[in-house]
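[1] pasting the structure only:
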């Protein structure tokens with residue numbers, strides 16, 4: 001990633017991170033990290049646009065056609081593992 005910084009919008013990284021730059025901030029067609037400078041420890045993908053990323057002290061859940069309030073209150077990362085296993 002460090003060699004191709006012109007392809008990424010890395011403005012959501014921590015300001016102390018060595019790759020932090022505002023050069024491509026909100027530029028279309030640039031890749032953006034959903035977790036910022038933190039690396040995900042676990043990923044569970046059930047289908048297109050329905051996945052969960054587990055990052056220390058943060059959890060990202062994406063689900064298309066599911067009410068956002070239901071996702072925030074009831075769906076957890078471990079439930080994605082249960083759906084994948086069963």
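    On my side now, so go ahead. In this text, all values refer to a predicted model and were calculated from it rather than measured experimentally. Residues are numbered from 1 along each chain as shown.
[2] what's in contact with the one helix or strand residue 79 maps to?
    For residue 79, the element it lies in under DSSP states H and E is helix 77-85. Counting by C-beta atoms under 8 Å, 6 or more residues apart in numbering, helix 77-85 makes contact with 42, 44, 46, 51-52, 54, 59, 61, all of which sit outside it. C-betas here are computed from N, CA, C, even on glycine.
[3] same deal with stretch 3-19?
    The set of residues that contact stretch 3-19 without belonging to it, under C-beta under 8 Å, 6+ apart, is 1-2, 20-27, 30-33, 36-37.
[4] Quick check: end-to-end length of it?
    Using C-alpha to C-alpha, to the nearest Å, the end-to-end distance of stretch 3-19 comes out at 10 Å.
[5] separation between residue 85 and residue 44?
    Applying C-beta to C-beta, to the nearest Å, the value for residue 85 to residue 44 is 10 Å.
[6] same question, residue 36
    Here the criterion is C-beta to C-beta. By it, residue 36 lies 20 Å from residue 44.
[7] Which one of these two is surrounded by more residues?
    Shown here are residue 36 and residue 44; by other C-beta atoms under 10 Å, residue 44 has more neighbours (19 against 16).
[8] For the more buried one, grab phi and psi.
    The phi/psi pair for residue 44 (degrees, to the nearest 10) reads phi -130, psi 120.
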